[in-house]
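Chemist: below are the sequence and a predicted model; questions follow.
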Amino acid sequence: MSLSISAANLSNASYDPAEDAARKAPAIKPTTTQEIHTLASSGQPAALIASSLGVPVSQVDADLGITTSSTSQASALVALSGRLSVQA
């Protein structure tokens with residue numbers, strides 16, 4: 001009794017080990033914080049980053065360590081309102 005296996009059936013000329021590894025490797029998605037830092041380092045403003053990622057600007061500011069003072073914002077509004085006048 002003899003067993004014969006054709007060599008043509010065993011070879012796969014189109015086999016690519018890198019492609020096989022890529023198929024098996026899990027996809028790694030960067031975190032939102034990583035994406036925020038990447039976009040900021042490329043010069044994108046916080047508002048555009050927030051819009052692109054679908055997150056609030058406050059989250060982008062927090063992740064980048066940007067702080068705003070409510071006192072300075074209030075002072076700016078008072079100064080602006082002093083320059084605006086409504087005359088009847």
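Modeler: Everything's here; your move. Residues are numbered from 1 along each chain as shown.

Chemist: CA only for contacts and neighbour counts going forward, please
Modeler: Will do.

Chemist: where does this structure have low pLDDT?
Modeler: Residue ranges of the chain with pLDDT under 70: 1-13, 21-22, 70-88.

Chemist: again, only using 80
Modeler: Scanning the chain with the threshold set as pLDDT under 80 gives 1-26, 68-88.

Chemist: show me the helices in it, by range?
Modeler: Under the criterion DSSP state H, helices of the chain are mapped to 7-10, 17-24, 32-41, 46-53, 57-64, 70-83.

Chemist: helices or strands up against the fifth one?
Modeler: What it means is helix 57-64. On a contact count with 3 or more C-alpha pairs under 8 Å, 6 or more residues apart in numbering; DSSP states H and E, helix 57-64 meets helix 32-41, helix 46-53.

Chemist: so can I have TSV of these showing mean neighbour count and distance to Asp20?
Modeler: Formatted as TSV, the helices and strands packed on helix 57-64 follow (neighbours: other C-alpha atoms under 10 Å; distance: least, C-alpha to C-alpha, whole Å):
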stretch	mean neighbour count	distance to Asp20
helix 32-41	15	28
helix 46-53	15	32
